[in-house]
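# this one's structure only:
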């Protein structure tokens, strides 16, 4: 017997939220490369399962309006989560290869990006448009932090050319963090689409 559509939609979103918790674990364990690889494998394995589950719901129920937006949003968020996992794996690999501290502190940026991610997921769970828009507005601040760190890293390389390799790995970490922030913003734009049916890109309605 076929489940009610409402039950299938709840199951679909719960699967996405389970992946979001794995991503949070990846943030918290980003300096443990072995653990990150295990967690990323789980994310990679489940991404296709979730997408296929969403497509199955589309085929079986042919939903419209709000229910259709729920499925589209879940599939898009699922894809963004997989990409975030890739960027965290990149960060973890660079920490592992450096075997030292970054040449500039990236902790403030890291904390800001993780908070943006958590707010993005909470905006989705709680259908909170205001929180989603807050994250979108914060993206510019994160870009400015990224740009400031890039300048600091370039100056460090010029003064310490023998530290070029570790400097470039630090730069990679900064760039990957900024991309995670962009993907968190994407999730928030999808939340606005889900709730209001409006398409937001780059902080503007289109």
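Sure thing, it's come through. Not measured: the values here are computed from a predicted model. Residues are numbered from 1 along each chain as shown.
# so where is this structure shaky, pLDDT-wise?
Residues of the chain meeting the criterion pLDDT under 70: 1-2, 200-206.
# the most centrally placed residue in it: helix or strand, and which one exactly?
For the chain, residue 84 is the residue whose C-alpha lies nearest the centre (Cα atoms, centre = their mean; 4.0 Å). In this assignment (DSSP states H and E), residue 84 forms part of helix 65-98.
# buried residues, that helix. List them.
For helix 65-98, a neighbour-count test (16 or more other Cβ atoms under 10 Å) marks 67, 69-96, 98 as buried. C-beta: built from backbone N, CA, C; applies to glycine.
# then stretch 41-57?
Applying 16+ other Cβ under 10 Å to stretch 41-57 flags 43, 46-47, 50-51, 53-54, 57 as buried.
# one step back: what does the next helix or strand after the helix holding residue 84 rub up against?
Proceeding N to C from helix 65-98, the next assigned helix or strand is helix 107-125, under DSSP H and E. Identification of contacts with helix 107-125 by Cβ atoms under 8 Å, 6 or more residues apart in numbering yields 17, 20, 23-24, 27, 73, 77, 84, 128-129, 131-132, 134-135, 138-139, 141-142, 145-146, 149, 174, 177-178, 180-181, 184-185, 187-188, 190-191, 194.
# now the angle from helix 107-125 to helix 65-98?
On the basis of axes from the mean of the first three to the mean of the last three Cα atoms, to 10 degrees, helix 107-125 is oriented at 160 degrees to helix 65-98.
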